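In: Fold the following and give me the result.
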Amino acid sequence: MLTTAAHRTVAPKWSTPFDEIDRADWADLAPATPLTIDEGDVARLRSLGDPIDIDEVREVYLPLSRLLNIHVNNARQLRRATNSFLGERGSGTPFVIGVAGSVAVGKSTVARLLREILRRWEDTPRVELVTTDGFLYSNAELERRGLMSRKGFPESYDRRALLRFVTQIKSGAPEVRAPFYSHVVYDIVPNAEIVVHSPDVLIVEGLNVLQPPSRGGGLAVSDMFDFSIYVDARTSYIERWYLERFQQLQRGAFVNPSSYFRKYADLSPAEALATASEIWNSINLPNLEQNVLPTRSRAKLILRKSADHAIHKVLLRKN
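Out: Numbering: from 1, shown residues only. Prediction:
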């Protein structure tokens, strides 16, 4: 039996809450925005294994900084209008940006670059960056709870302390303190703190910052964000980047006698690759699939990377 055009069923076009913008088109959105950092700044700010260059900064991060600047100024205007409506006098509160994504995807580079560029805008000179590593439970506490093998999973963080910290920032507290985490010793450092003083913008970077509220309800730290970014890539790409980074660290930082990972420094190349693969498959991959990736759609903007680690597409939420 022949099917005429009139009787064909046309599948509905798949809809998405995001506008997908190719890198070239995205780069054209802020042509007059001056580039205020140079090659030396990029080299200083990039993470190990992240080959970002000045062209990517110009084409991706410069327009993003302009977009964020628009959001910051709109938030200030709304706050002033609200204060006027309420008959209140008071200063504004910090604009809070969340940056999420997998281990090894490059979210730390994104956060550091945004801090550097945003603080060079005249109206946001005070930009602070805090990572959620400082809100991990100490190794001793993780051991006590039987969570050492799940470090990085949502339950390994003191989420109440993180929420309290961001809430204090958002309330305009003049000084807020956060624990300090050392990647060398792989633990919270006793009696060490990060002190944040009334920033114009606070960037909060971490694996799980876009997590929704727990089953019991209440607030989540993401409820405190004015803007959120998810750094995205295919899982196979991220795995390769993780393995390559582990091998680089094995020849570098792991050699430090103070490093928690000193035990890996003398492994053969084959043993190092096998160890990295085991860590990826037992910890990082399950955490990505179960906890991190499901939060991607909650972001306001997604930076999508290709196999060479470069951002090739930007997805911006329509509403």
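In: And stretch 48-68, what's buried?
Out: 49-50, 52, 56-57, 59-68 (16 or more other Cβ atoms under 10 Å). C-beta: built from backbone N, CA, C; applies to glycine.
In: Which of these sits closest to residue 143?
Out: Proximity of those to residue 143 (Cβ to Cβ) peaks at residue 49, which lies at 29.5 Å.
In: Secondary structure element holding the closest residue to that closest one other than its chain neighbours?
Out: Closest residue to residue 49 apart from its sequence neighbours, by Cβ to Cβ, 6 or more residues apart in numbering: residue 245 at 4.2 Å. Assigned by DSSP states H and E, residue 245 falls within helix 235-251.
In: what helices or strands is that helix leaning on?
Out: When contacts are defined as 3 or more Cβ pairs under 8 Å, 6 or more residues apart in numbering; DSSP states H and E, helix 235-251 packs onto helix 269-279.
In: which other helices and strands contact the helix it packs on?
Out: For helix 269-279, the elements it packs on are helix 235-251, judged by 3+ Cβ pairs under 8 Å, 6+ apart.
In: Give me the buried stretch members for the helix it packs on, please.
Out: Buried, per 16+ other Cβ under 10 Å, within helix 235-251: 237-247, 249-250.
In: Could I get those in a markdown table, plus columns for distance to residue 110 and pLDDT?
Out: Shown next, in a markdown table, are these (distance: Cβ to Cβ, whole Å; pLDDT from 0 to 100):
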| residue | distance to residue 110 | pLDDT |
| --- | --- | --- |
| 237 | 16 | 98 |
| 238 | 14 | 98 |
| 239 | 19 | 98 |
| 240 | 19 | 97 |
| 241 | 14 | 97 |
| 242 | 17 | 96 |
| 243 | 21 | 97 |
| 244 | 19 | 95 |
| 245 | 16 | 94 |
| 246 | 21 | 94 |
| 247 | 23 | 93 |
| 249 | 20 | 92 |
| 250 | 25 | 89 |
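In: now what about the helix holding residue 245, what contacts it?
Out: Contacts with helix 235-251, where a contact means Cβ atoms under 8 Å, 6 or more residues apart in numbering, come from 48-49, 102-106, 233, 261, 264-265, 267, 269, 272-273, 275-277, 279-280, 284-285, 288-289, 293, 305-307, 309.
In: Quick one: work out the angle between that helix and helix 269-279.
Out: 130 degrees (axes from the mean of the first three to the mean of the last three Cα atoms, to 10 degrees).
In: Roughly how far does residue 79 sit from residue 119?
Out: Distance of residue 79 to residue 119, computed by Cβ to Cβ, to the nearest Å: 21 Å.
In: So residue 35: helix, strand or coil?
Out: With DSSP: H, G, I helix; E, B strand; the rest coil as the basis, the three-state label of residue 35 is coil.
In: partner residues bridging residue 157?
Out: residue 136 (DSSP bridges).
In: Helix or strand: which one has the residue nearest to residue 148 when sequence neighbours are not counted?
Out: With Cβ to Cβ, 6+ apart as the criterion, residue 148 has its nearest non-adjacent residue at 4.6 Å, and that residue is residue 142. Residue 142 belongs to helix 139-145 when assigned by DSSP H and E.
In: What's the first helix or strand after that helix?
Out: helix 159-170.
In: contacting residues around that next one?
Out: Identification of contacts with helix 159-170 by Cβ under 8 Å, 6+ apart yields 93-94, 96, 130, 132, 135, 176, 178-179, 196, 199, 202, 204, 211, 214, 219-221, 224.
In: Equivalent analysis for stretch 177-193, please.
Out: 130-131, 133-139, 161, 165, 194-196, 253, 256, 258-261.
In: From the residues you listed, keep the buried residues only.
Out: Looks like the contacts of stretch 177-193 have 130-131, 133-137, 139, 165, 194, 196, 259, 261 buried, using 16+ other Cβ under 10 Å.
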